[in-house]
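[1] would you be able to build a 3D model of this:
(chains A and B)
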Amino acid sequence: MSFLSQLIPGFGIAKGMTLTLKRFFAPKATIKYPEERADTAVRFRGRLQLLWDENGLLKCETCFQCAQACPIECIDMGGLDTKGRFHVHWGAPETYGERREESALRRSGRVVPDPAFEPFAAAELVEVDEILARHDHDPAEMLAILEEVQAAYGHLPVAALKRISETTGAWYAMLYGTASYYRHLRFEPPAAEDQAASIAARRPTEAGYLASLEASLAGGSAATTPGRRRRSDA
Amino acid sequence: MTTLLRTPSTWPAILLARRDEADPTDLAAAVRAGAFGGLTRAVRELGPAATIGLIEEAKLRGRGGGGHLAAEKWRVAARTPAKARYVVANGYGADPGSTTDRALLETDPYAVIEGAAIAAFAIGAEEVHVAVRATATDAIGRLEAAIVASLEAGFIGDDALESGRRVEVLVRPVQGAYLLGEETVLLKALESKRGQPEQRPPHPATRGLHDQPTVVHNVQTLAAVPYVLRHGAAAFRAIGDAEAPGTILVEVRGPDGAGVAEVPLGTPLRDVIALVGAPARGRKVKAVVVGGPAGGILPPAKLDTPYAFEALRAVGAHVGSGSVIVADDRACIVDLARVLTRFCADEACGKTIPCRIGLRRIAEIGERLTARTSRAGDLGLLVDLSADVVGSALCDHERLATLPLMSGLRYFRAEVDAHLERGECPAGVCRPIARPAAAVPGRSRPTSRQSRAQA
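    Numbering: from 1, shown residues only, chains lettered A, B, ... in the order given. So this is what the prediction gives:
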């Protein structure tokens, strides 16, 4: 072929123009969006994007609904959950390593206290394994497993949650969703008093509700939101 | 331990009939009083179909707040083909201000066990799960003792009453969320899952616990079943309201006391609140909150409303958790509605957006009213938002959580307007809308508005 192209002048141009003409008459892929819409796959959901409200705050409430629904567990999040409890889950380092950076957190709009940047402490998991063995690694007994782990460690260490997820086959997001839903389960070690106190101040409690109700009935309202003073008159 | 209130001697006692028993777990004493007579009749005389028929004839309705006919649930569960069936007794008592379920479990655990066993026998279930609040240790202890005694006596177990049928009763302590009082949420918790409600239909009667037909009842409903079996449907129908016969437990909370009382359905609210006595001298009843945190706030003019499912719904309240709270004239209705709505918003499970975000916005409107930071159009927004939340609700929590503010708006419009338009709190409760500074010495400088008012 190279011999022929050298013999015939303009062969290269003709070759190039052949391709051009072929493309010229081929059916066009471009459509007049938005008048015309391309057919998309039924399960196409577009790019994941978090929305912001008019005050510049993220509308995402860290409810873990999407993480629980995601079949391949690619959605993950951190911050305050709907109960006002703080927790960040980073996932596997190779997947979420980038998000450990402080700038990534700032981009996500979260105000995150410093302890969050510390990697989660490794925990001795012998007791977790014993508890799992007692329950036959059955995800149907998850609440009992979580309660016993909390009784053993004082809280639910992330390392323990991961071990439970791996050995029972329950998705981590599902497990996290369950553990964060029930108020008696906690992720903070009791020793982390500062963090525990700030969480307790934000977390609504039954006792807090009853106190507010009593106060309201007696004609003096109790502070229910942070930063409000308690009324002290009779 | 819970406090039981004394009721007039003319009021019948079904649920708390054994309140004066020294030891509620004494099986011999319970049997002398008639316990397990109903189960014996169902098993040896009637059979499943006739038992359901008798419950239908008695018009027994669910005491969990919804007021659904019990027999309907039983029939559907019995008819649905399944590998297994379950009976779930809801004794969680979600409302922190109501201890009715706990009081029943402490007073008469055998009635609950017997009622659940009858239901299990009628629908063909082998397992009964009794959900109890994990912190109610007295109730759990008595229930467990009663189950062991019934098991040893052969009333329940592998061959219950020699019928060849297995009826196993399990105590399931649950805790950690207000919404566990909702039936589908409770079923999720019993399956060790995150507690969020499910779309209905399918109702639990066709697909409930472990996807099998499940009859979910409040413990009070089940405790009334043995009475119907022992005394007949006509005797039960003679008690209480014609449309909702029988009695119900009510936790009445007044300024000077609180306690649980057994009240015949259809009793006027006035008689119910009289159980905790009249307000202190110089005070008068200003409002009654009926139905718990998501209850309606009713004015004194509505005190003649019968305490029954439909009658309460008609005036903007509901039976709910069985809680009746009396507020005297020290209370500010707007502040009261704010406290209730805030609790409901905080306790939303987060599954549906109207509930998760809508209730929060509604609670904020209430907070703005009490803090005098209301925006133009707040009341219109409240009404619209409430209609949207109710219209798109998945469970009763969000349907009812709008009630405190909406009923407050309906019956105490003048007080709401005083907050909104004049920035005043007639009861002198809300901040920074306070009483005139002269009345409260030593407090912070009066606002310019208060100074003008005094001038």
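[2] lowest-pLDDT helix or strand in the chain?
    The chain I'm using is chain A. Counting by mean pLDDT, DSSP states H and E, the weakest-scoring helix or strand in chain A turns out to be helix A:93-96, with a mean of 42.
[3] please refer instead to chain B.
    Ranking every helix and strand in chain B by mean pLDDT, DSSP H and E puts helix B:448-454 at the bottom, with a mean of 48.
[4] any figure for the gap between the closest residue to A:R134 other than its chain neighbours and B:G181?
    In space, and not counting its chain neighbours, A:R134 is closest to A:E148: 7.9 Å by C-beta to C-beta, 6 or more residues apart in numbering or on different chains. Using the backbone N, CA and C atoms, a C-beta is placed for each residue, glycine as well. A:E148 is 25 Å from B:G181, where distance means C-beta to C-beta, to the nearest Å.
[5] for A:C66, same thing?
    27 Å.
[6] circling back to that earlier point, with neighbour numbers in mind, choose between A:E148 and B:G181.
    B:G181 (26 against 18; other C-beta atoms under 10 Å in any protein chain shown).
[7] helices and strands around the longest helix anywhere in chain B, which ones?
    Using DSSP state H to define each element, chain B has its longest helix at helix B:137-153. For helix B:137-153, the contact count by 3 or more C-beta pairs under 8 Å, 6 or more residues apart in numbering or on different chains; DSSP states H and E identifies helix B:27-32, helix B:100-107, helix B:109-123, strand B:127-133, strand B:168-174 as packing neighbours.
[8] let's see it at 6 Å
    Counting contacts by 3 or more C-beta pairs under 6 Å, 6 or more residues apart in numbering or on different chains; DSSP states H and E, helix B:137-153 packs against helix B:100-107, helix B:109-123, strand B:168-174.
[9] contact residues of the stretch 51-200 of chain B facing chain A?
    Residues of the stretch 51-200 of chain B lying close to chain A by C-beta under 6 Å from any C-beta of the partner chain are B:P96, B:Q175, B:G176, B:S192, B:R194, B:G195.
[10] pick the one among those residues closest to B:G292.
    Checking those against B:G292 by C-beta to C-beta gives B:P96 as the nearest, at 9.0 Å.
[11] might one say that the closest one is in contact with A:L210?
    Yes. Assessed by C-beta atoms under 6 Å, B:P96 is found in contact with A:L210 at 5.5 Å.
[12] neighbour count for the two, which is higher?
    Remark: of B:P96 and A:L210, B:P96 carries more neighbours, 20 against 15, as counted by other C-beta under 10 Å.
[13] quick one: contacts for the more buried one?
    A:E206, A:Y209, A:L210 (C-beta atoms under 6 Å, 6 or more residues apart in numbering or on different chains).
[14] mind redoing it with 10 Å?
    B:P96 is in contact with A:205-210, A:213, B:178, B:292-293, B:321, B:323, B:343, B:347, counting by C-beta atoms under 10 Å, 6 or more residues apart in numbering or on different chains.
[15] could these go into CSV alongside secondary structure and distance to A:T40?
    Converted to CSV, those look like this (DSSP: H, G, I helix; E, B strand; the rest coil; distance: C-beta to C-beta, whole Å):
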residue, secondary structure, distance to A:T40
A:T205, coil, 47
A:E206, helix, 47
A:A207, helix, 51
A:G208, helix, 48
A:Y209, helix, 47
A:L210, helix, 52
A:L213, helix, 52
B:Y178, helix, 41
B:G292, helix, 47
B:P293, helix, 45
B:S321, coil, 48
B:S323, strand, 51
B:F343, helix, 44
B:E347, coil, 39
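[16] tell me how many other residues surround A:I13.
    9.
[17] out of the residues of the stretch 51-200 of chain B next to chain A, which are buried?
    B:P96, B:Q175, B:G176, B:S192, B:R194, B:G195 (16 or more other C-beta atoms under 10 Å in any protein chain shown).
[18] burial of the nearest residue to B:K286 once chain neighbours are set aside, as a residue count?
    Of all residues not flanking B:K286 in the chain, B:D329 sits nearest, at 4.6 Å (C-beta to C-beta, 6+ apart). When neighbours are defined as other C-beta under 10 Å, B:D329 has 15 of them.
[19] for B:D329, give me its contacts.
    A:G219, B:P279, B:G282, B:R283, B:K284, B:V285, B:K286, B:A287, B:P426, B:A427 are the contacts of B:D329 under C-beta under 10 Å, 6+ apart.
[20] just the buried residues of the residues you listed.
    For the contacts of B:D329, buried by 16+ other C-beta under 10 Å: A:G219, B:P279, B:V285, B:K286, B:A287, B:P426, B:A427.
[21] pick out the lowest-pLDDT one from those.
    Of all the buried ones among the contacts of B:D329, B:P279 carries the smallest pLDDT score, 81.
[22] what's the domain layout of the chain?
    Went with chain A since none was named. Chain A breaks down into these domains under automatic domain parsing: A:65-117, A:126-202.
[23] oops, wrong one, chain B.
    According to automatic domain parsing, the ranges for chain B are B:27-237, B:333-422.
[24] distance of B:A136 from B:A35?
    22 Å.
[25] and the helix or strand B:A337 falls within, is it in reach of chain A?
    Assigned by DSSP states H and E, B:A337 belongs to helix B:333-346. Yes. Residues of helix B:333-346 are located near chain A by C-beta under 10 Å from any C-beta of the partner chain, namely B:333-340, B:342-346.
[26] which among those end up buried?
    Looks like these have B:333-340, B:342-346 buried, using 16+ other C-beta under 10 Å.
[27] list the contacts of the nearest residue to B:P255 once chain neighbours are set aside.
    Spatial nearest neighbour of B:P255, excluding adjacent residues (C-beta to C-beta, 6+ apart): B:D328 at 5.3 Å. Listed by C-beta under 10 Å, 6+ apart, the contact partners of B:D328 are A:217-219, B:254-256, B:279-280, B:282-287.
[28] the same query, at a cut-off of 8 Å, please.
    A:L217, B:P255, B:P279, B:A280, B:R283, B:K284, B:V285, B:K286 (C-beta atoms under 8 Å, 6 or more residues apart in numbering or on different chains).
[29] which single one of the residues you listed is nearest to A:Y153?
    A:L217 (40.4 Å).
[30] verify the stated contact: the closest one with B:I333.
    No. Using C-beta atoms under 8 Å, A:L217 is not in contact with B:I333; the gap is 11.1 Å.
[31] list phi and psi for B:A125.
    phi -90, psi 150 (degrees, to the nearest 10).
[32] quick one, helices of the stretch 201-350 of chain B?
    B:219-231, B:233-237, B:269-273, B:309-314, B:333-346 (DSSP state H, counting those that start in this stretch).
[33] dump those to CSV, plus mean pLDDT and distance to B:L104.
    As requested, these are exported to CSV (pLDDT from 0 to 100; distance: least, C-beta to C-beta, whole Å):
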stretch, mean pLDDT, distance to B:L104
helix B:219-231, 96, 6
helix B:233-237, 95, 17
helix B:269-273, 95, 17
helix B:309-314, 94, 19
helix B:333-346, 94, 24
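[34] need those helices in CSV with distance to B:R207, can you?
    Below are those laid out as CSV (distance: least, C-beta to C-beta, whole Å):
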stretch, distance to B:R207
helix B:219-231, 20
helix B:233-237, 30
helix B:269-273, 37
helix B:309-314, 25
helix B:333-346, 28
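[35] quick one: closest of these to B:P204.
    Taking the helices of the stretch 201-350 of chain B one by one with C-beta to C-beta, helix B:219-231 is closest: 13.9 Å.
[36] roughly how far out does the closest one sit from the chain middle?
    Computed by C-alpha atoms, centre = their mean, to the nearest Å, the chain-centroid distance of helix B:219-231 equals 18 Å.
[37] in that helix, what counts as buried?
    By 16+ other C-beta under 10 Å, the buried positions in helix B:219-231 come out as B:219-231.
[38] show me what that helix is packed against.
    Contacts defined by 3+ C-beta pairs under 8 Å, 6+ apart place helix B:219-231 against helix B:37-41, helix B:48-57, strand B:86-91, helix B:100-107, helix B:109-123, helix B:233-237, strand B:247-254.
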